[in-house]
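In: this is a predicted model, with the sequence first.
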Protein chains: 2
Amino acid sequence: MVLFARVVEAGSFTGAARDLAISKSAVSKQISRLEDRLGVRLLNRSTRRLSLTEAGAAFHEGCRRVANEAAAAERTVSRLASGPRGELRVNAPMSFGIRHLGPCLADFLQHYPELTIDLTLNDRQVDLVEEGLDIAVRIGVLADSSLIAKRLAPSHRVVVAAPAYLAERGCPERPEQLADHACLRYSYQAAGREWRFRGPDGERRVRTKGPLAVNNGDVLRAAALDGLGVALLPTFFVGPDLRAGRLERLLPDWRDAQDSAVHAVYPANRNLSPKVRVFVDYLAERFGEAPYWDDGLAF
Amino acid sequence: MVLFARVVEAGSFTGAARDLAISKSAVSKQISRLEDRLGVRLLNRSTRRLSLTEAGAAFHEGCRRVANEAAAAERTVSRLASGPRGELRVNAPMSFGIRHLGPCLADFLQHYPELTIDLTLNDRQVDLVEEGLDIAVRIGVLADSSLIAKRLAPSHRVVVAAPAYLAERGCPERPEQLADHACLRYSYQAAGREWRFRGPDGERRVRTKGPLAVNNGDVLRAAALDGLGVALLPTFFVGPDLRAGRLERLLPDWRDAQDSAVHAVYPANRNLSPKVRVFVDYLAERFGEAPYWDDGLAF
DNA sequence: TATGATTGTTTCCAATTAGAAACGATGGCG
DNA sequence: CGCCATCGTTTCTAATTGGAAACAATCATA
């Protein structure tokens, strides 16, 4: 229809072909096919002159409208494709979002004034497609799926306790000794009860016990700060507490065997929209392999 | 764009494929190509669920409008293609138009109430395409062209004269004798001066002379009626005069060697519009190989 | 009145697109 | 928890469409 409109407006097949950068044989054949499909002759053509039939004139009216609408629609889309613009719908885990995403949004949005963000924080596994999300931040080991996962930062978990607790119960030197401590742990996590470490002489597993299991990191941290016990928490959670001396890191020679990472997860890579790309790039730059929350900590 | 709109509205590729009676692989590939061309992902697809991206939602809005406009345009055209409707632009020679086309229009239009006629009468050779005409009635031998010519009726020319003239000058029995008569003839016609006949013993040519040459049949006829001389005129012109005895036919055993025909001429045959078809058929039926204007005359 | 230039169409071949079937992934259902 | 049905994608082949050149028809020009 766009081609037909162009032919009418150019006044010739050859002119339309030139305008649309296709061959005149393609124009001729497309118009013929269109006429056959509609069952009407649209253009009367003598070798050197074109004229519209009654049907052609009516159809051209419609084609012109179609061509305009189509061009407008493509312009709208191209605008969204040409730069970071529009609304970015983000999902993230509650605690990470509050601590590390929230504080950077103002700066990010300042860089991209045509972008707005709709951030949803929750700890359940959401379906990006179903919820119409552009991107989710996820921490841990990822189940493989059709989505793209981009690593934003490492996520180390460390064993921590309050100085008061250590003064009272002593400081464990080897993972096995944790079995005799009050261990605060995540509930509803696969191996929440068993802590695994990799150290100088291999891997060790410890079955922990303690007065509290909870499915929220903030509660866990608060309990540790109150000297209720020993907790295994990500550094993005307790980095400031360690630097401030409110918590102390135990077993510094042992690394959590389940070390994982912070990921950005988003659908497909082909035709990734600029808004998603700039957000992912921004986060990867801001966090990185040595994120600020690990400053002063060694691994 | 129509396909994309359909996918969004059906909520699945498979559903859209079914609606449009194409394969789902075609749908999948077309959407992918569209996304590549626009440089944006329009739909996020997990195996069992589709959701629109921001760009997809904006584009769908436009596609819906495009699809509606396109459907409306096709409906309009299909209506014109589905039956005799609209305006029929006709061209015909002046005298034939007045005598034989005009009188049948009322009857014709009564059969096709959704049709209107724009009839132009003139004797110059018009360019159908340039003038935007649907059909022309032409009499004589046709130059071949890209147009279709449908024979509507034979056109016989006969030699006639008024009884008064014959009483005074006598009745020629053989073509050669016309050379001694006052011959009234068409001017500006190739062989207007030379009359050719086919008779019992072959073809004869007669070089005529006379007091009047004119490029209009009505004037010629009036002159003959007035007894000014002998004229060679088509029967559709002088049929009534012959039957009424106002004119008499000479040389009944000799036929005009240039016998020609009444034709309907129109562009191309492929996708001939119903309005043209019914008009041509109507005229062919009304005139035919033994047209009413030849009633009572023998050839 | 002939010639050259330009138009839309056709032809032949290459490139693109559609279709059938297989595939991998996911949700519903027992 | 496993099976089946269904979804979108991929693969391979067949059909369709596009392009360059040849063609037929017309107009402008000399």
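Out: Structure's in. What do you need? Source: prediction; values computed, not measured.
In: so which residue is smack in the middle of chain A?
Out: Central residue of chain A (Cα atoms, centre = their mean): A:I135, 2.7 Å from the mean position.
In: isn't that residue up against A:Y282?
Out: No - between A:I135 and A:Y282 there is no contact under Cβ atoms under 8 Å: 11.3 Å. (Glycine included, C-beta is placed from N, CA and C.)
In: what segments of the stretch 1-150 of chain A are helices?
Out: A:2-10, A:13-20, A:24-38, A:54-82, A:94-96, A:102-111, A:128-131 (DSSP state H, counting those that start in this stretch).
In: which one of these lies closest to B:D107?
Out: helix A:54-82 (22.6 Å; Cβ to Cβ).
In: quick one: mean pLDDT for that closest one?
Out: In this model, helix A:54-82 has a mean pLDDT of 95.
In: before we move on, the earlier item: now the residue nearest to the centre of chain A: how far from A:V90?
Out: 5 Å (Cβ to Cβ, to the nearest Å).
In: tell me which parts of chain A are close to DNA strand C?
Out: For chain A, the residues in contact with DNA strand C (Cβ under 7 Å from any atom of the strand) are A:12-15, A:24-25, A:28-29, A:31-32, A:45, A:47-48, A:50, A:127, A:145-146.
In: what is the burial count for the spatially closest residue to A:F59 that is not a sequence neighbour?
Out: The shortest distance from A:F59 to any non-neighbouring residue, by Cβ to Cβ, 6 or more residues apart in numbering or on different chains, is to B:V77 (4.8 Å). Other residues near B:V77 come to 23 when the count uses other Cβ atoms under 10 Å in any protein chain shown.
In: wait, isn't B:V77 in contact with A:R37?
Out: No - with contacts defined as Cβ under 8 Å, B:V77 does not count as touching A:R37, sitting 10.0 Å away.
In: from the chain's centre, how far out does stretch A:273-288 sit?
Out: 9 Å (Cα atoms, centre = their mean, to the nearest Å).
In: is chain B within reach of that stretch?
Out: Yes - with Cβ under 8 Å from any Cβ of the partner chain as the measure, stretch A:273-288 is seen reaching chain B through A:S273.
In: residues that sit against both of A:I135 and A:V90, list them.
Out: Residues touching both A:I135 and A:V90 (Cβ atoms under 8 Å, 6 or more residues apart in numbering or on different chains): A:F279.
In: same list, the residues of chain A next to DNA strand C, but only the ones touching chain B.
Out: A:45, A:47, A:50, A:127, A:146.
In: okay, who's weakest in the residues you listed by pLDDT?
Out: Within those, lowest confidence goes to A:T47 (70).
In: nearest residue to it other than its sequence neighbours?
Out: Using Cβ to Cβ, 6+ apart, the closest residue to A:T47 is B:S146 (7.2 Å).
In: and for A:F287?
Out: Distances taken as Cβ to Cβ, 6+ apart put A:A153 closest to A:F287, at 3.7 Å, once the chain neighbours are dropped.
In: would you mind measuring from the one you found to A:S260?
Out: Applying Cβ to Cβ to A:A153 and A:S260 gives a distance of 10 Å.
In: which one's more surrounded, these two?
Out: Comparing A:A153 with A:S260 by neighbour count (other Cβ under 10 Å), the higher total belongs to A:A153, at 23 against 17.
In: pLDDT score for that one?
Out: 96.
In: dump the residue contacts of A:S12.
Out: A:L50.
In: correction: A:D294
Out: Counted by Cβ under 8 Å, 6+ apart, A:D294 has contacts A:154, A:156, A:235, A:239.
In: now for the residues you listed, which pair is the farthest apart?
Out: Once Cβ to Cβ is applied, those give A:P154 and A:G239 as the farthest pair, at 12.6 Å.
In: those two: which has the busier surroundings?
Out: Set A:P154 next to A:G239 and count neighbours by other Cβ under 10 Å: A:G239 wins out with 22 against 19.
In: mind listing what that one touches?
Out: A:G239 touches A:293-295, A:297, counting by Cβ under 8 Å, 6+ apart.
In: can you name the helix or strand that it falls in?
Out: helix A:235-244 (DSSP states H and E).
In: downstream of that helix, the next helix or strand is which one?
Out: Next element after helix A:235-244 (DSSP H and E): strand A:248-249.
In: mind listing what that following strand pairs with, with the direction of each?
Out: Sheet pairing of strand A:248-249 (DSSP bridges) gives strand A:157-161 (antiparallel).
In: can I get the partner strand in PDB? Just the C-alpha atoms.
Out: The C-alpha coordinates for strand A:157-161 follow below in PDB (Å, rounded to 0.1, in the frame of the first residue of the first chain):
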ATOM      1  CA  ARG A 157      29.500 -14.100  52.400                       C
ATOM      2  CA  VAL A 158      31.600 -13.800  55.600                       C
ATOM      3  CA  VAL A 159      31.100 -15.100  59.100                       C
ATOM      4  CA  VAL A 160      30.600 -12.300  61.500                       C
ATOM      5  CA  ALA A 161      29.800 -11.700  65.100                       C
END
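In: could you list the low-confidence segments of chain A?
Out: A:143-145, A:188-192 (pLDDT under 70).
In: near DNA strand D, which residues of it?
Out: A:22-26, A:29-30, A:33, A:46-49.
In: can you say which of the residues you listed are buried?
Out: A:Q30 (16 or more other Cβ atoms under 10 Å in any protein chain shown).
In: columns distance to A:E168 on top of the residues of chain A next to DNA strand D, output as JSON lines?
Out: JSON lines is the format used below for the residues of chain A next to DNA strand D (distance: Cβ to Cβ, whole Å):
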{"residue": "A:I22", "distance to A:E168": "84"}
{"residue": "A:S23", "distance to A:E168": "88"}
{"residue": "A:K24", "distance to A:E168": "92"}
{"residue": "A:S25", "distance to A:E168": "91"}
{"residue": "A:A26", "distance to A:E168": "86"}
{"residue": "A:K29", "distance to A:E168": "89"}
{"residue": "A:Q30", "distance to A:E168": "86"}
{"residue": "A:R33", "distance to A:E168": "88"}
{"residue": "A:S46", "distance to A:E168": "105"}
{"residue": "A:T47", "distance to A:E168": "104"}
{"residue": "A:R48", "distance to A:E168": "104"}
{"residue": "A:R49", "distance to A:E168": "103"}
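In: name the nearest of the residues of chain A next to DNA strand D relative to A:A223.
Out: A:I22 (71.4 Å).
In: list the contacts of that closest one.
Out: A:I22 neighbours (Cβ under 8 Å, 6+ apart): none.
In: what's next to stretch A:149-156, contact-wise?
Out: Residues contacting stretch A:149-156 (Cβ under 8 Å, 6+ apart): A:137-140, A:142, A:234-236, A:255-256, A:259-266, A:280, A:283-284, A:287-289, A:291, A:294, A:297, A:299.
In: so which of those residues sit within helices?
Out: If you go by DSSP state H, the contacts of stretch A:149-156 have A:235-236, A:280, A:283-284 in helices.
In: adding neighbour count, write the residues you listed out as a markdown table.
Out: Converted to a markdown table, the ones in helices among the contacts of stretch A:149-156 look like this (neighbours: other Cβ atoms under 10 Å in any protein chain shown):
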| residue | neighbour count |
| --- | --- |
| A:T235 | 24 |
| A:F236 | 24 |
| A:V280 | 21 |
| A:L283 | 22 |
| A:A284 | 16 |
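In: closest to chain B among these?
Out: Using Cβ to the nearest Cβ, A:V280 comes nearest to chain B of these, at 14.5 Å.
In: check the gap between the residue nearest to that closest one when sequence neighbours are not counted and chain B for me.
Out: Counting by Cβ to Cβ, 6+ apart, the nearest residue to A:V280 once its immediate chain neighbours are dropped is A:A264, at 4.7 Å. Per Cβ to the nearest Cβ, to the nearest Å, A:A264 is found 15 Å from chain B.
In: again with A:G83
Out: 11 Å.
In: for A:R198, same thing?
Out: With Cβ to the nearest Cβ as the criterion, A:R198 and chain B are 35 Å apart.
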